[in-house]
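In: pasting the sequence and the predicted model now:
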Amino acid sequence: MKTLRYLSAALLFALAGALLATPARAATLHAVLLIASPQPGPTDPRLAAYEVPMKRVLRFNSYIFQGSDTAEIGQHSRAELVIGQGHELIVETGDNPLALRIRWAAGGLNTGITVRPGVPVVLGGSSTGKKKGEVYAVILMLK
């Protein structure tokens, strides 16, 4: 009887360990490049879903869509997203697929962030060099 209990406990621990060691599934990371402008004007309709967090973080008056890309990410992955206008994001993950290492050379950004599925993250970048006060920004959304 004791042997049966020990075997049952060992099997339970082995099963729990196997479940915990299972790698997380891949998720889709969506990145959108935009121009944030201090000039009054309408926001591009493709950015309407992100307007509230953009205004809270960037505090500009209008937003212009420039391009987007998506990639599958998971544990220990690397993705290159070409998001338009010559901009590219390099995204790397480690053990935690929600902790992202982001390199955006054209935007002058090299940082780490933690994302939550369904919650947009807004990253401010460098000046566009086109009109006074305009900057590039990126929206990241994990689905």
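Out: That came through, no problem. Computed from a prediction, not measured in an experiment: that's the story for all the values here.
In: next, residue 51: secondary structure please.
Out: Following DSSP: H, G, I helix; E, B strand; the rest coil, the label given to residue 51 is helix.
In: do a quick rundown of the helices in the chain.
Out: Along the chain, the stretches classed as helices by DSSP state H are 2-21, 51-57.
In: beta partners for residue 71?
Out: Judged by DSSP bridges, the bridge partners of residue 71 are residue 29.
In: pull the contacting residues for it.
Out: For residue 71, the contacting residues are 28-29, 31, 79-81, 91, by Cβ atoms under 8 Å, 6 or more residues apart in numbering. Where you see a C-beta, it was placed from the backbone N, CA and C, and this is true even at glycine.
In: list buried residues within these.
Out: For these, a neighbour count by 16 or more other Cβ atoms under 10 Å gives the buried set as 29, 31, 79, 81, 91.
In: wait, the third one sits on residue 72?
Out: Going back to what we said before, that points to residue 79. Yes. With contact defined as Cβ atoms under 8 Å, residue 79 reaches residue 72; the gap is 7.2 Å.
In: what sits in contact with each of these two?
Out: Between them, residue 79 and residue 72 share the contacting residues residue 29, judged by Cβ under 8 Å, 6+ apart.
In: between the buried ones among the contacts of residue 71, which is closest to residue 134?
Out: For these, the minimum distance to residue 134 (Cβ to Cβ) is 19.2 Å, reached by residue 31.
In: many thanks, have a good one.
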